[in-house]
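Participant: here is my input; please provide its structure:
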Amino acid sequence: MQQVLKNNHKLLKLFFLTILFMGFMKVDAQMIETDSVYKTSHFGFSQAVISNNMVYTSGIVGWRKNFKLTGTGSFKDQADQCFDNLEALLKHSNSTMQKVIHLRIYVTDISDQNKVIVNNLIKKHFFSSYKPATTFMCVKALARKELKIEMESISEINN
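Facilitator: Sure thing, here's the model as predicted:
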C-alpha cells in the first residue's frame, strides 16, 4: 500500500509540474478575422487560427455577415453559404480550397438529398483531382436551432 501511495504521489507531482510548465508556454498562433464572414469574437472564439503554416477554421455555418441565413434558410442555401464562408476565410488566411487537408461536415439531417447536395458542393469546390480527407456526420443539433449544416477545416498556407 505504501508503494502505491508513493507511486501515486510521483504521478501527481509530475502532473502538476506539467501543468505549471504548460502555463509558461506561449501559443504561437495568429487569430484570423475577416469582414467578409460573420464575426465570432463576441461568441468567444476566432473565425480561424493560423499556427505552424496551417489554417484551422472554427465551425462555419450558413450565415451571411449579418448573422442571417442565406435565401430561404434551406439546407442547400446554408450549405452553399458554408462553402462560400470557408473560401473567404481561406483566402483571407492566404490559403485556398485546394490546400484543405481535412474537411469535417456536421448536418442535422443526413437524408439522401442532403448527401447529394454536399457531394455536389465538394465536387464544385474541389474541382481538381485532389480531394481532402473528409468526415461527414449527422448530429442531433448545432449551436442554433435554425442551423442545418456546419463545417470546419484544416488547410495549409500557400507558399
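
Participant: where does pLDDT dip in the chain?
Facilitator: 1-27 (pLDDT under 70).

Participant: could I get the full set of strands for it?
Facilitator: Along the chain, counting by DSSP state E, strands occupy 30-32, 48-51, 54-57, 60-61, 100-107, 133-138, 149-156.

Participant: now for the fifth one, which elements pack on it?
Facilitator: Where contact means 3 or more Cβ pairs under 8 Å, 6 or more residues apart in numbering; DSSP states H and E, strand 100-107 is packed against helix 112-125, strand 133-138, strand 149-156. C-beta coordinates here come from the backbone N, C-alpha and C atoms, glycine included.

Participant: buried deepest among the ones you listed, which one?
Facilitator: A comparison of those by mean neighbour count, using mean count of other Cβ atoms under 10 Å, puts strand 149-156 on top with a mean of 22.

Participant: chain center to that one: distance?
Facilitator: Strand 149-156 has its C-alpha centroid displaced from the chain centroid by 4 Å (Cα atoms, centre = their mean, to the nearest Å).

Participant: re earlier: could the strands of the chain be laid out in JSON lines, adding distance to residue 126?
Facilitator: JSON lines is the format used below for those (distance: least, Cβ to Cβ, whole Å):
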{"stretch": "strand 30-32", "distance to residue 126": "21"}
{"stretch": "strand 48-51", "distance to residue 126": "18"}
{"stretch": "strand 54-57", "distance to residue 126": "15"}
{"stretch": "strand 60-61", "distance to residue 126": "16"}
{"stretch": "strand 100-107", "distance to residue 126": "7"}
{"stretch": "strand 133-138", "distance to residue 126": "9"}
{"stretch": "strand 149-156", "distance to residue 126": "11"}
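
Participant: out of the ones you listed, nearest to residue 92?
Facilitator: strand 30-32 (6.2 Å; Cβ to Cβ).

Participant: returning to that earlier point: of the helices and strands packed on strand 100-107, which approaches residue 91 most closely?
Facilitator: Residue 91 lies closest to strand 149-156 among the helices and strands packed on strand 100-107, at 11.0 Å (Cβ to Cβ).
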